[in-house]
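Visitor: Pasting a predicted model and its sequence here:
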Amino acid sequence: MCQGFQAAGISAGIKKNNVKDLGLIVSDAPVAVAGVFTKNQIKAAPVLLDMERIQSGTCRAVIVNSGNANCCTGEQGMKDAIRMAKAVAEKLGVSGEMVLVSSTGVIGQSLPVEKIESGIPQLFDALSLDGFSDFAESIMTTDTKPKKLSRTVEVAGKSFSITGVAKGAGMIRPDMATMLSYVCTDVEADSSTLMELLTDAVNLSFNRITIDGDTSTNDTVLILANGKSGLSLNDVAVKDAFKNALEAMLIELARMVVKDGEGVTKLVEIKIIGAASDDDAAKMADTVAHSNLVKTAFFGEDTNWGRIIGALGRSGVSLNPDTIDISFNDIMLVKNGLWCGAEAEAKATKVMKLPEFAVVIDVHLGDIQASCWTCDFSIDYVKINADYRS
């Protein structure tokens, strides 16, 4: 675990059945902080509050509740978000502006802030170096499992650590991030460098996943760095190692989010190769990954490649249909825009029965590639979301 950080997760009674619903991350000293937030025009009160407070580039703690999004709750919602932060700040003996806030859950309902305030003492009592697992559990909504990763990276005989937590299972078509994610590290960094690296990592990970095509009102990714390792991002070797570790961690967390999606039975990588530009590659991967017709074919284990090539054709990228190859893992089903026959289809169908596989699309227009991670669209997804508020 990262030096100088503690975390906790408890039940404050926001959700039913005494499940964990309130989490806290605390650093024992001020940290450099950076964050990216939803581009949805409807933003929850905690998002608006964090977007303002993060401009200082420093904080001490993050408090997160699940079960209630505190979104579309008017002036009272902002007052409640500030109260959440203040309750933590008072325990730490710092100003309220040093505490960031996140919420996730049902939109449009008043936040039970009194329950949160009542839970703060218990939350502080539960803080520990090993508390990130409880924290990860406390921020879940329709997730079936917590999502947490930790890595230690050696550089020139020393080491730094990085821990990442994410939640998300539905309302996932991030336009910056997944619903909620937090990264703690003991490298030394300034907020502008953190922002640069976080933005790049998010664009390769959380901005490349989809479950249902919806962007949340509460999407937040925060990164906190306290410098306890003695290694600084001012050192080129450290920065390079940290960049690689951060990108790898966020990609894996993003994959975990899709794999745990509502009603999901398959995790599928849409991999575009041979594109003329980064933008073209991303557009094509994104369009195929978000196609409901493609996603339902995944659920039915149907190698209906016409849906894939149809999605490509509406991606806005100039294509030559006579140069497109489509493979399922290493089984080529389409060569130069033409079906490879029944034997190839039978082999590709076996690939589609796997819980994880890749659809590789070579458009033969250049040497650029990009990936998006998507899933199947199942009957259970409809059932889960039809009954979400009950």
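Guide: Sure thing, it's come through.
Visitor: and the gap between residue 347 and residue 328?
Guide: Using CB to CB, to the nearest Å, one gets 8 Å for the distance from residue 347 to residue 328. All C-beta atoms are positioned from the backbone trio N, CA, C, and that covers glycine.
Visitor: Between those two, which has more neighbouring residues?
Guide: Neighbours per residue, other CB atoms under 10 Å: of residue 347 and residue 328, the larger number sits with residue 328, 24 against 17.
Visitor: mind listing what the more buried one touches?
Guide: Applying CB atoms under 8 Å, 6 or more residues apart in numbering to residue 328 gives the contacts 303, 348, 351-352, 357-360.
Visitor: In helices, which of the residues you listed fall?
Guide: Using DSSP state H, the subset of the contacts of residue 328 located in helices is 348, 351-352.
Visitor: most surrounded residue in those?
Guide: Highest neighbour count within the ones in helices among the contacts of residue 328, by other CB under 10 Å: residue 348, with 23 neighbours.
Visitor: Pretty sure that one sits against residue 331.
Guide: Yes - between residue 348 and residue 331 there is a contact under CB atoms under 8 Å: 4.7 Å.
Visitor: Turn the ones in helices among the contacts of residue 328 into a markdown table, columns for pLDDT and distance to residue 154.
Guide: Below are these laid out as a markdown table (pLDDT from 0 to 100; distance: CB to CB, whole Å):
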| residue | pLDDT | distance to residue 154 |
| --- | --- | --- |
| 348 | 98 | 42 |
| 351 | 98 | 38 |
| 352 | 97 | 40 |
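Visitor: From these, pick the one nearest residue 116.
Guide: Nearest to residue 116 among the ones in helices among the contacts of residue 328 is residue 352, at 45.2 Å by CB to CB.
Visitor: who's in contact with the closest one?
Guide: Residue 352 makes contact with 266, 298, 301-303, 328, according to CB under 8 Å, 6+ apart.
Visitor: Could you turn the buried ones of the residues you listed into a PyMOL selection?
Guide: Buried residues within the contacts of residue 352, by 16 or more other CB atoms under 10 Å, are selected in PyMOL with:
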select buried, resi 266+298+301+303+328
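Visitor: What is the most widely separated pair among the contacts of residue 352?
Guide: Farthest-apart pair in the contacts of residue 352 is 266 and 303; separation 13.1 Å (CB to CB).
Visitor: Please report the distance of the closest residue to residue 296 other than its chain neighbours from residue 261.
Guide: Spatial nearest neighbour of residue 296, chain neighbours left out: residue 377 (5.0 Å); criterion: CB to CB, 6 or more residues apart in numbering. Using CB to CB, we find residue 377 at a distance of 10 Å from residue 261.
Visitor: anything in contact with each of these two?
Guide: Taking CB under 8 Å, 6+ apart as the criterion, residue 377 and residue 261 both touch residue 212.
Visitor: Please say which of those two ends up with more neighbours.
Guide: Shown here are residue 377 and residue 261; by other CB under 10 Å, residue 261 has more neighbours (29 against 26).
Visitor: where does the spatially closest residue to the more buried one that is not a sequence neighbour fall, phi/psi-wise?
Guide: Leaving aside its sequence neighbours, residue 261 sits nearest to residue 211 (CB to CB, 6+ apart; 3.9 Å). Main-chain torsions, residue 211, degrees, to the nearest 10: phi -110, psi -50.
Visitor: wouldn't residue 211 be in contact with residue 375 here?
Guide: Yes - look at residue 211 against residue 375 with CB under 8 Å: they come within range, at 5.8 Å.
Visitor: Overlap in contacts, those two.
Guide: Jointly contacting residue 211 and residue 375 under the rule CB under 8 Å, 6+ apart are 258, 261, 264.
Visitor: Okay, and which of these map to strands?
Guide: Among these, no residue falls in strands (DSSP state E).
Visitor: if we take the residues you listed, which one ends up nearest to residue 288?
Guide: Set against residue 288, the nearest of the shared contacts of residue 211 and residue 375 by CB to CB is residue 258 (14.4 Å).
Visitor: got a list of what residue 302 touches?
Guide: For residue 302, the contacting residues are 349, 352, by CB under 8 Å, 6+ apart.
Visitor: Make residue 1 into 35 and carry on from there
Guide: Taking 35 as the first residue, the last one we looked at is residue 336.
Visitor: quick one: buried residues of the top strand by length along the chain?
Guide: Ranked by residue count, the top strand of the chain under DSSP E comes out as strand 56-71. Neighbour-count burial for strand 56-71, with 16+ other CB under 10 Å as criterion, is recorded at 56-61, 65-71.
Visitor: what mean pLDDT would you report for it?
Guide: Averaging pLDDT along strand 56-71 yields 97.
Visitor: Off-centre distance for that strand?
Guide: Here strand 56-71 is found 17 Å from its chain centre; the criterion is CA atoms, centre = their mean, to the nearest Å.
Visitor: Can you show me the strands along this structure?
Guide: Here the chain has its strands, by DSSP E, at 39-44, 56-71, 92-102, 133-140, 181-189, 192-201, 214-219, 254-259, 301-309, 359-362, 365-369, 372-373, 390-396, 402-409.
Visitor: Let me have those in CSV, adding distance to residue 154 as columns.
Guide: Formatted as CSV, the strands of the chain follow (distance: least, CB to CB, whole Å):
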stretch, distance to residue 154
strand 39-44, 10
strand 56-71, 8
strand 92-102, 8
strand 133-140, 11
strand 181-189, 23
strand 192-201, 20
strand 214-219, 18
strand 254-259, 20
strand 301-309, 38
strand 359-362, 51
strand 365-369, 55
strand 372-373, 62
strand 390-396, 41
strand 402-409, 37
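Visitor: So, low pLDDT: which residues of the stretch 35-184 of the chain?
Guide: Applying pLDDT under 70 to the stretch 35-184 of the chain picks out no residues at all.
Visitor: so what's the backbone phi/psi at residue 294?
Guide: Per-residue torsions, residue 294: phi -100, psi 20 (degrees, to the nearest 10).
Visitor: was I right about it contacting residue 177?
Guide: Yes - Residue 294 is within contact range of residue 177, at 5.6 Å (criterion: CB under 8 Å).
Visitor: Now the common contact residues for these two.
Guide: Common contact partners of residue 294 and residue 177 (CB under 8 Å, 6+ apart): 202-203.
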